[in-house]
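> Return a 3D structure for these sequence lines:
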Amino acid sequence: MKNFAAKLFLIVVVASGLSTVAWAGGTTAAAAERMTRYFRVDAYDTNFHTFYVEPDTRTTIRITGDGDTDLDAYVKDEEGDVIVEDLRTTTDGYLTFFSRYGGLYTVTVDNTGHVYNRYKLEIMN
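Take a look at the predicted model:
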């Protein structure tokens, strides 16, 4: 049922023509071409952020950590395949990809450090 609700939210956003990017799961009532959110990932933990991208769209994702730990980032498509990754040993991540067909994508943020990390996640088209 949760998956159905997320897809219904995406259909409403796409049908309304509000944007090319929308957070899945209804975390926002409206979408924008640049979305910024702040999160905390615990030590040695992983956060997942799912969003929708329309077809023929270049998407850039920027992760800015608090500087305390290394954050690794991956973007996976609906099938779970990694399409782009940033594994540099830094607290910041920068990922860009082109979505030919559109659909749901998931950003995975891994904290490889021994303390939590507060980070800013930006998704832009």
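
> What sits closest to the most centrally placed residue in the chain if chain neighbours are left out?
For the chain, the residue nearest the mean C-alpha position is V107 (3.9 Å; CA atoms, centre = their mean). Of all residues not flanking V107 in the chain, H49 sits nearest, at 4.5 Å (CB to CB, 6 or more residues apart in numbering). Backbone N, C-alpha and C define where each C-beta goes, glycine included.

> who's in contact with that neighbour?
W23, R37, F39, T106, V107, V109, L121 (CB atoms under 8 Å, 6 or more residues apart in numbering).

> between these, which is nearest L71?
For the contacts of H49, the minimum distance to L71 (CB to CB) is 5.8 Å, reached by V109.

> what about the closest one, helix or strand, and which?
Element membership for V109 (DSSP states H and E) is strand 103-111.

> What residues of the helix or strand following that strand count as buried?
Next helix or strand after strand 103-111 toward the C-terminus (DSSP H and E): strand 117-124. Going by neighbour count (16 or more other CB atoms under 10 Å), the buried part of strand 117-124 is N117, Y119, L121, I123, M124.
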